[in-house]
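S.K.: Okay, predicted coordinates and the sequence, questions at the end:
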Amino acid sequence: MSLSSFFKSPFSRRSDVSSLPSPPLAPEDDVGAPPSEVDFAAILLAAGVTPEQRSKILKAQELLRTLPSETPAPVKRDIVEAAFKAFDVSTQEIVAAASKHIEALRAFTRTGEEHTQQVLAEGNQQIKLLESKIAGVKASMDREVAAQAVRARSTLDQINEVQPVLQFFARDPIPPSHPEAHAAASRPGEWSQGESVDVQFDAGR
């Protein structure tokens, strides 16, 4: 088990952002809030610190906490060394265990910093890809609005060509063209496709 296994990326591994329906964030239960506690026992074990070495460190910490704060450092050292010597534990073993313990924690910090930089890089890349996709969607919308404006003007031209026929043969006077059609042609993207011209022919004429 490596130290990197203690970190998770909030981004899913997808290379084709064009197929993404939404930003590829992992579910909240996978990422969650920053942990309030770190499992140092598991971290130290993954870094190669044995339970025996960790036990020696814990015993040394407990022993140092029991000594009065005003006790001189040389006296504290003698007391601790005598206590561990009684359990056949040398000072060199304590130093080696403590050094390995600290190095494991520093390695964990370095791994976390590297992971954070990787997450930031992946996040910035996803943002750029999604911004590009958004720009493409907006361009498609603009093209559709422009195309509808062309359709509206062409349709109005066709209406104006047929209008004389309707005016000539209709029994009641017919206005030259619907004001709504003119308005639609002058307002791209707002023309209603539901508009139609009510044409009535007099069968008796």
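M.R.: Structure received. Numbers count the residues shown, from 1 in each chain.
S.K.: make it CA atoms for all contacts and neighbour counts henceforth
M.R.: OK.
S.K.: In terms of helices and strands, where is the residue nearest to Thr91 when sequence neighbours are not counted?
M.R.: Take Thr91 and drop its neighbours on the chain: the residue closest to it by Cα to Cα, 6 or more residues apart in numbering is Glu81, 6.4 Å away. Here Glu81 is covered by helix 73-86, with elements defined by DSSP states H and E.
S.K.: Show residues contacting that helix.
M.R.: Contact with helix 73-86 is made by Ala60, Leu63, Leu64, Leu67, Ser90, Thr91, as judged by Cα atoms under 8 Å, 6 or more residues apart in numbering.
S.K.: Give me the next element, helix or strand, following that helix.
M.R.: The helix or strand immediately downstream of helix 73-86 is helix 91-169, counting by DSSP H and E.
S.K.: Which other helices and strands does that following helix contact?
M.R.: helix 40-46, helix 51-66, helix 179-186 (3 or more Cα pairs under 8 Å, 6 or more residues apart in numbering; DSSP states H and E).
S.K.: Adding mean pLDDT, write the ones you listed out as JSON lines.
M.R.: Listed next are the helices and strands packed on helix 91-169 as JSON lines, based on pLDDT from 0 to 100:
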{"stretch": "helix 40-46", "mean pLDDT": "89"}
{"stretch": "helix 51-66", "mean pLDDT": "87"}
{"stretch": "helix 179-186", "mean pLDDT": "51"}
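S.K.: quick one: pLDDT of Pro164?
M.R.: Confidence at Pro164, expressed as pLDDT, is 89.
S.K.: what's the burial count for it?
M.R.: Pro164 has 14 neighbouring residues, counting by other Cα atoms under 10 Å.
S.K.: same deal with Asp157?
M.R.: By the criterion of other Cα under 10 Å, Asp157 has 13 neighbours.
S.K.: likewise the one 4 residues further on?
M.R.: Summarising burial for Glu161: neighbours were counted as other Cα under 10 Å, giving 11.
S.K.: roughly how far apart are it and Glu37?
M.R.: For Glu161, the distance to Glu37 equals 79 Å [Cα to Cα, to the nearest Å].
S.K.: Next: Leu45.
M.R.: 17 Å.
S.K.: quick one: Thr91 from Ala104, how far?
M.R.: Going from Thr91 to Ala104 by Cα to Cα gives 20 Å.
S.K.: of the two, who's got more company?
M.R.: Ala104 (21 against 15).
S.K.: The more buried one touches Ala47, doesn't it?
M.R.: Yes. Using Cα atoms under 8 Å, Ala104 makes contact with Ala47 at a distance of 5.6 Å.
S.K.: hang on, isn't His101 packed against Leu44?
M.R.: Yes. Using Cα under 8 Å, His101 is in contact with Leu44, at 6.9 Å.
S.K.: Excluding chain neighbours, what is closest to Thr111?
M.R.: Once flanking residues are discounted, Thr111 sits nearest to Ser4: 6.3 Å by Cα to Cα, 6+ apart.
S.K.: That should have said Arg54, apologies.
M.R.: In space, and not counting its chain neighbours, Arg54 is closest to Ala97: 7.1 Å by Cα to Cα, 6+ apart.
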